[in-house]
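Trainee: Here is a sequence together with a model predicted from it:
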Amino acid sequence: MSQDARVTDNPESKRTRIKQLEVMVAEVIRETHDVMTLLLFTGNDRLDYKPGHFCTIDPKQFESLSRWAAYLEKVKGKKEAPRAYSLASAPHEKYLAITVKEERYVEGATPYPPLLSPVLAMRTPPGTRMVITGFTGPYCMPDDIEDRTDHVVHICAGSGVVPNWSIIKHALATNMKLRHTLIYGNRTWRDVIYRYALDDLRDQYPDRLQIVHALSREGGADHHGPHVVSGRVTTELIQRYVPDPSAVEVFACGPAQSKFEKRRAKETGETLAPRFMETVLDSLDELSFPQDRVHHESYG
């Protein structure tokens, strides 16, 4: 998940050692029309991270962005901060990886044109070198997760699937005694990140991974398969696939109302419509999911 701001539900219980790593882009994988996964070669550095962690990348390190960054700093009156990207890889895998969605400027929704994500997603060839800082973040499974539950529910939208993808595949690969249900919302079938990889993982672990796709802008979505429905992620959909809220642990990740949108709505007096995360949290509350079993991370 790429984002300018990350919001998590709780502070990290243990401070993670942060360090800088020089990496090289080993391979670029196209996931959708506007999403790329960058496989990063790290040399002999020991990678100490958990599924769900993120790294940060400073856009000012790229010469092609230096003038644009300087201009934005002048306009904003503050320094351009490093951008956070959830790790798409898992600790058992050979390469580090991030998945980046090309963010677009949308009048009234984004205050400035995106700086880094268009370059990373669309103009970063193999062989590119960069410095990343990592790894940290509280959006990880608790160490005692297997004592807490045997069923983990992932509710995601768009690039919010990235940290959950890391969590799911690592849990399955390390034979944790957990089964997973992924409820994944997108606009259309072509927007589904990791579509083929998710299918392969479900086929590999049919008894431990269930995937439900909800497509909000594609009618007749069920022609893609019995696990695909038309519409958004709703209270009814969650209830259908999670009949016992008290027995699961939930990890929800996706877009939420941004600080810019909230400020603009306050200034204009407009009522700000809920986005994915606000809607999902309301649904979980309505269905009486225990708050201490709901972990969430948002971007916007």
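Mentor: On my side now, so go ahead.
Trainee: if I look at Thr99, how far off is Gln210?
Mentor: In this structure, Thr99 and Gln210 are 22 Å apart, going by Cβ to Cβ, to the nearest Å. In this view, the C-beta of every residue, glycine as well, is placed from N, C-alpha and C.
Trainee: dump the residue contacts of Tyr71.
Mentor: Neighbouring residues of Tyr71 by Cβ atoms under 8 Å, 6 or more residues apart in numbering: there are none.
Trainee: avg pLDDT for the host helix or strand of it?
Mentor: For Tyr71, the enclosing helix or strand under DSSP states H and E is helix 63-76. On average, the pLDDT along helix 63-76 is 94.
Trainee: Pull out the buried residues from that helix.
Mentor: Going by neighbour count (16 or more other Cβ atoms under 10 Å), the buried part of helix 63-76 is Leu65, Trp68, Ala69, Leu72.
Trainee: In the stretch 201-300 of the chain, where is pLDDT below threshold?
Mentor: Across the stretch 201-300 of the chain, the ranges flagged by pLDDT under 70 are 300.
Trainee: related to what we said a few turns ago, only alpha carbons, please: show the helix holding Tyr71 as PDB.
Mentor: Listed in PDB are the C-alpha atoms of helix 63-76, where the atom choice follows Å, rounded to 0.1, in the frame of the first residue of the first chain:
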ATOM      1  CA  GLU A  63      17.400  13.600  -9.000                       C
ATOM      2  CA  SER A  64      14.400  13.600 -11.300                       C
ATOM      3  CA  LEU A  65      12.200  14.800  -8.400                       C
ATOM      4  CA  SER A  66      14.600  17.200  -6.700                       C
ATOM      5  CA  ARG A  67      13.300  20.400  -8.400                       C
ATOM      6  CA  TRP A  68       9.700  19.300  -8.100                       C
ATOM      7  CA  ALA A  69      10.200  18.500  -4.400                       C
ATOM      8  CA  ALA A  70      11.800  21.900  -3.800                       C
ATOM      9  CA  TYR A  71       8.900  23.700  -5.500                       C
ATOM     10  CA  LEU A  72       6.300  21.800  -3.400                       C
ATOM     11  CA  GLU A  73       8.300  22.500  -0.200                       C
ATOM     12  CA  LYS A  74       8.100  26.300  -1.100                       C
ATOM     13  CA  VAL A  75       4.300  26.100  -1.800                       C
ATOM     14  CA  LYS A  76       3.500  24.000   1.300                       C
END
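Trainee: chain center to it: distance?
Mentor: On the basis of Cα atoms, centre = their mean, to the nearest Å, helix 63-76 sits 26 Å off its chain's mean C-alpha point.
Trainee: next SSE after it?
Mentor: On the C-terminal side of helix 63-76, the nearest following helix or strand under DSSP H and E is strand 83-86.
Trainee: which helices and strands does that next one pack with?
Mentor: When contacts are defined as 3 or more Cβ pairs under 8 Å, 6 or more residues apart in numbering; DSSP states H and E, strand 83-86 sits against strand 2-3, strand 54-57, strand 96-101, helix 161-173.
Trainee: Lowest average pLDDT across those?
Mentor: The stretch with the lowest average pLDDT out of those is strand 2-3, scoring a mean of 48.
Trainee: picking that back up, of the helices and strands packed on strand 83-86, give the one that comes closest to Arg263.
Mentor: With distances scored as Cβ to Cβ, the stretch of those nearest to Arg263 is strand 2-3 (17.6 Å).
Trainee: buried sites along stretch 84-98?
Mentor: Across stretch 84-98, burial judged by 16+ other Cβ under 10 Å covers 84-91, 93, 95-98.
Trainee: cool, and stretch 31-44?
Mentor: Applying a neighbour-count criterion of 16+ other Cβ under 10 Å, the buried positions in stretch 31-44 are Glu31, Thr32, Asp34, Val35, Met36, Thr37, Leu38, Leu39, Leu40, Thr42.
Trainee: For the fourth one, list each beta-bridge partner.
Mentor: When bridges are assigned using DSSP bridges, the partners listed for Val35 are Thr32, Lys101.
Trainee: in the chain, which spans are strands?
Mentor: Taking DSSP state E, the strands of the chain run over residues 2-3, 6-8, 19-32, 35-41, 54-57, 83-86, 96-101, 129-136, 151-157, 179-186, 209-215, 228-230, 249-255, 294-299.
Trainee: Quick one: closest of these to Ser283.
Mentor: Comparing the strands of the chain under Cβ to Cβ, the one sitting nearest is strand 151-157, at 8.7 Å.
Trainee: partner strands of that closest one, parallel or antiparallel?
Mentor: Sheet pairing for strand 151-157, assigned by DSSP bridges, gives strand 179-186 (parallel), strand 249-255 (parallel).
Trainee: Nothing else from me, thank you.
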